[in-house]
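Provided below are the primary sequence and the corresponding predicted coordinates.
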Amino acid sequence: MSCGEPHETNCDEVLNQVFEYLDGELTDGDVAKIQQHLDECSPCLAEHDLDQALKALVRRSCKERAPDQLRAKIMTQITDITRGGQVTQTTQTTQIRLSSG
C-alpha cells in the first residue's frame, strides 16, 4: 500500500512494523520514523488505528492463555516469517522437541 505521497519512510515499511510499534518493540529511532510518517499519512494512520482497535478487541475477548507449547510454536513461526523464511514442518517439529524436552 502506498498513499502516493513521498515520505522519508515508505508506507509498506511502516505498515510492516505497525504491530511492533503498537507493542513498544521498536527502537527509539524507529518509533520516531513511524510516528513522523503517521503524522503525515492519513491512510497509514487509519490502518494503525484499525490495528490498535483490533488488538484492544482481542485483549478484551481473549481471557484464556494459550498453552506454552502452542505459544512457542507460534512465536517461532512469526520469527521465521518476519525474517523472510517460510514455516516448514521441520521448523514445527524442532520447536515441539525443544519445548517438550
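The structure has been received and is ready for your questions. Numbering: from 1, shown residues only.

How much space separates Thr79 from Asp49?
As defined by Cβ to Cβ, to the nearest Å, Thr79 lies at a distance of 27 Å from Asp49. Glycine gets a C-beta too; all of them are placed from N, C-alpha and C.

One more: Val31?
Noted for Val31: a distance of 17 Å to Asp49, by Cβ to Cβ.

Chain neighbours aside, what residue packs nearest to the spatially most central residue of the chain?
Closest residue to the average C-alpha location of the chain: Phe19 at 3.7 Å, with Cα atoms, centre = their mean. Setting aside the residues directly before and after it, Phe19 is nearest to Asp51 in space (Cβ to Cβ, 6 or more residues apart in numbering), at 6.4 Å.

got a pLDDT number for that neighbour?
pLDDT for Asp51: 89.

Same question for Arg97.
Confidence score, pLDDT, at Arg97: 46.

Same question for Ser100.
Among the per-residue scores, Ser100 holds a pLDDT of 45.

With Lys73 instead?
Reported pLDDT for Lys73: 92.

since we're on it, how many residues are nearby?
Residues near Lys73, counting by other Cβ atoms under 10 Å, number 19.

Just the buried residues of the helix or strand where it lies, please?
Assessed by DSSP states H and E, Lys73 sits inside helix 68-82. Residues of helix 68-82 classed as buried: 72-73, 76-77, 80 (neighbour count, 16 or more other Cβ atoms under 10 Å).
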